[in-house]
Each structure stands twice: as structure tokens, then as C-alpha cells.
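In: this one's structure only:
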Ligand code: IDP
Ligand code: MG
């Protein structure tokens with residue numbers, strides 16, 4: 001099933017100049033970029049994005065962190081995009097993330113874990129709608145799609 005997933009380079013990823021590296025990994029894997037923006041989250045937007053974590057002890061610290069500096073928000077599309085996105089990113093705790101994953105390769109702290117990836121198709125839809133108007137998701141064809149098996 002062709003899906004879209006919401007991926008966000010967090011403030012630490014932007015400050016550490018990892019945006020290009022992260023985009024490269026999603027491009028290399030074969031996902032299609034359909035939405036991209038650099039923005040600063042306000043607290044309200046951050047609260048909505050992380051609303052499922054509102055009872056966690058780290059919620060307010062997470063909001064401080066995610067609103068402290070700009071982020072890069074992206075939507076990537078592929079067959080099973082949500083599952084693939086989580087695989088490329090790795091588990092939440094960087095010390096559990098294997099080398100080869102983004103978190104496994106680039107971070108060591110659970111909060112400063114560089115990147116967000118949707119954890120379900122339902123959450124992907126919800127998160128994409130927070131960050132992107134429908135008109136900001138761009139439809140286009142790439143000839144390489146045939147060779148990635150994406151036009152099947
Ligand atoms: P995920 O980003 O892997 O989906 P979630 O459990 O949804 O992980 O948590 C959202 C974000 O909150 C994490 O990516 C991380 O930045 C932060 N976070 C999660 N657990 C902790 C914690 O135990 N301490 C501090 N920050 C945490
Ligand atoms: Mg999550």
C-alpha cells in the first residue's frame with residue numbers, strides 16, 4: 001500500500017547539519033519526497049504534535065526542546081513508508097538503535113535523538129495535517145520509480 005510518513009529533523013539535527021545526510025538516506029532507500037519545509041514550531045503546534053505523550057514526565061522538557069530552534073518537516077511516500085521510515089530512523093532510545101540507523105549512527109541521548117518518524121499510518125495522517133496544507137504536498141512522477149518497483 002502506498003503510504004505517506006511524516007519525518008521531522010529535530011532542532012539538534014538541524015544544528016548539527018544532519019539535514020542533508022537524513023534526506024540522502026531517505027532518497028537512497030527510494031522513498032519519494034512529496035513535502036518539505038523549514039519552520040519553527042510554536043508551543044501549541046508542538047503540544048498537538050506530541051499530544052499522545054502529554055502525561056509523560058518528559059513532556060514539558062520535550063516541548064522546550066522541540067520549540068527551541070527550527071525543524072525540517074518532510075513527507076515521504078512509498079509502499080509501507082511508515083514502517084520503512086521507522087526502520088531507517090531506529091528505536092527511540094539511541095543506545096538501542098543499531099549502527100546503520102539514523103539514531104544508531106548519530107545520537108546518544110534519548111531526547112536529542114535527531115529525528116521524528118510517524119509510528120503508524122493513522123498518526124502519519126494526523127501529523128502531516130498539522131504541518132502541511134494539502135496543496136503543499138506535491139504530486140509528480142519520477143522515471144526512476146519504475147526501477148524502484150514503485151509503479152507496480
Ligand atoms: P519516537 O520519537 O521514537 O516515536 P516517542 O515515545 O513518541 O518516541 O517520544 C517522542 C520523543 O520524546 C522522542 O523521540 C524523544 O525525543 C522524547 N523522549 C521519549 N522518551 C523520552 C524519555 O524517556 N526522556 C526524554 N525524552 C524522551
Ligand atoms: Mg512517537
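Out: Arrived safely, thanks for sending. Only a predicted model underlies this, so the values are computations on that prediction, with no experimental measurement involved. Ligands and ions are numbered 1, 2, ... in the order given.
In: Within range of ligand 1, give me the residues from this protein.
Out: Applying Cβ under 6 Å from any ligand atom, one finds that the chain approaches ligand 1 through 53, 58, 62, 92, 110-111, 113, 116, 119. (C-beta placed from N, C-alpha, C; glycine too.)
In: Same list, those, but as TSV with secondary structure and pLDDT please.
Out: Listed next are these as TSV, based on DSSP: H, G, I helix; E, B strand; the rest coil; pLDDT from 0 to 100:
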residue	secondary structure	pLDDT
53	helix	98
58	coil	98
62	helix	98
92	coil	97
110	coil	97
111	coil	97
113	coil	97
116	strand	98
119	coil	98
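In: from those residues, which single one is nearest residue 23?
Out: Within the set of the residues of the chain next to ligand 1, residue 116 lies nearest residue 23; the separation is 14.4 Å, counting by Cβ to Cβ.
In: residues contacting the spatially closest residue to the closest one that is not a sequence neighbour?
Out: Here the nearest residue to residue 116 in space, its sequence neighbours aside, is residue 8; by Cβ to Cβ, 6 or more residues apart in numbering that works out to 4.1 Å. With Cβ atoms under 8 Å, 6 or more residues apart in numbering as the criterion, the residues that contact residue 8 are 71-74, 115-116, 131.
In: which two of those residues lie the greatest distance from each other?
Out: Using Cβ to Cβ, the contacts of residue 8 reach their maximum pairwise distance at 115 and 131, which is 14.4 Å.
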